[in-house]
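Novice: sequence plus predicted model, see below.
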Amino acid sequence: MRTFWRGGTVRITVATVVLSFGLGAAPASAQFNRPVEAMLSAAVEGYIRPGYAALADASNALQTATVRYCANPSDTTRAAVDESFGRTVQALGAVAFLDFGPASINQRLERLKTPAPAAPEDGAAPPELVPGEEGNGPQDVGALSQEPPELQGLPAFERLLVADPAETGSDQFNETCRVAGLIAANVKSIATALDSEWTKDGGYGDWLTSPAADNPAYARSEDALLEVLSAFSRGVDKVHARLGRIGLSDEDTDADRQIGPFGQVDFVFLLDQAQVRGLGQFYQATDLAGATEPPLNERAAWIEAKMTEAAEGLAAIPADTVDQPDDETIEQIAAARSALAEVSEAMRGLTADLELGPAN
């Protein structure tokens, strides 16, 4: 009996979900030994919903820590901001590849991780994160949500309050806190909306698990499963590419060395570690290895093992060592990337052989 969400309280197994559909339910095709709806429900209940709930919890803690630090700056409240920010980055990484459904509405997921404006290479001051003179930027979350995405999410928060905070008590500190507070509230608002869309009755979680002719999103269970597997594959490819930019030569420009949404490489790596771990848990939640018939089940199990290998390899690397990685760290990252590349290729073949395309 597996627990698919580490650190959470949800304990959903595919066997439990299969029973909820009844023992007489028929598989969607000869490729499967159980209803596809059982696999979809296991993914939603065992990973997607608890994943978005964790992001909502983390973003709520980040907003609380920001308010406390700005009202009473101290080493203790400063540490709470740093801890909450790192936790929110990890929670975002765990769902960053779930780029379908509610995530695509108004670029919700992208707004959380769009890089902040880059500083000019000539050493001039970086562009303002919020347009207008001091104090004349957005005055509330609604106004901030109308600004460009690069001003709204965690990378902008990092620039303002994590990477190089202003001197406490100064006018700049007060303005920084005001804007960072709006960003934290905006992140919380987006995360809460995503959580709600997946958990509410009649919401996207129900759409994904109950395909039907009148379903607004999925007419067939195969369409829904293809959505799930495609999101997994896209996530693998994206994190594989991003990891490949770690350890570039010092001769490369800052633009070349920008490997992800955050200015500090350790935060990008925290995101990547969480994403690879999350991808593996998401894949396990579907139990594709147990749900497919031979010989496909062996290939599905091999993919699961490779994802575990990649996640464990990255987990062994301290995030604060990747900005200037030594040879051993570079080799560890290369090994994880190799496993992800193998997963990507194998997943393309497996998805094709599952024959989930449109019915003739």
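Specialist: Thanks, I have it.
Novice: mind checking how far the most centrally placed residue in the chain is from Pro165?
Specialist: Geometric centre of the chain, nearest residue: Ala96, 2.1 Å, by CA atoms, centre = their mean. Distance, Ala96 to Pro165, by CB to CB, to the nearest Å: 26 Å. Quick note: C-beta positions are derived from backbone N, CA and C, even for glycine.
Novice: again, but for Ala54
Specialist: Taking CB to CB, one finds Ala54 at 26 Å from Pro165.
Novice: so which of the two has more stuff around it?
Specialist: Ala54 (22 against 17; other CB atoms under 10 Å).
Novice: the more buried one falls within a strand, correct?
Specialist: No: Ala54 sits outside any strand when classified using DSSP: H, G, I helix; E, B strand; the rest coil, being helix.
Novice: my guess is it contacts Leu92. True?
Specialist: No: using CB atoms under 8 Å as the test, Ala54 is too far from Leu92 to be in contact (9.7 Å).
Novice: residue contacts, Gln107?
Specialist: Gln107 sits next to Pro149 when contact means CB atoms under 8 Å, 6 or more residues apart in numbering.
Novice: again, only this time at 10 Å
Specialist: For Gln107, the contacting residues are Thr114, Pro149, Gln152, Ile190, by CB atoms under 10 Å, 6 or more residues apart in numbering.
Novice: for the residue nearest to Leu160 when sequence neighbours are not counted, give its distance to Leu144.
Specialist: Distances taken as CB to CB, 6 or more residues apart in numbering place Ala180 nearest to Leu160, at 4.5 Å, with adjacent residues excluded. From Ala180 across to Leu144, the span is 11 Å (CB to CB).
Novice: Asp57 too?
Specialist: 22 Å.
Novice: go on, Gly153?
Specialist: Distance from Gly153 to Leu144, counting by CB to CB: 10 Å.
Novice: and if you look at Ala311?
Specialist: In terms of CB to CB, Ala311 sits 35 Å off from Leu144.
Novice: got it, and Gln31?
Specialist: Computed as CB to CB, the Gln31 to Leu144 distance reads 47 Å.
Novice: from memory the residue nearest to the centre of the chain sits against Gln273, does it?
Specialist: No: counting by CB atoms under 10 Å, Ala96 does not reach Gln273; the two are 11.6 Å apart.
Novice: quick check: neighbours shared by those two?
Specialist: Counting by CB under 10 Å, 6+ apart, the residues touching both Ala96 and Gln273 are Val89, Val239.
Novice: go through whichever strand or helix holds Asp223 and flag the buried ones.
Specialist: Using DSSP states H and E, Asp223 maps to helix 221-243. Buried residues in helix 221-243, defined by neighbour count with 16 or more other CB atoms under 10 Å: 221-229, 231-233, 235-240, 242-243.
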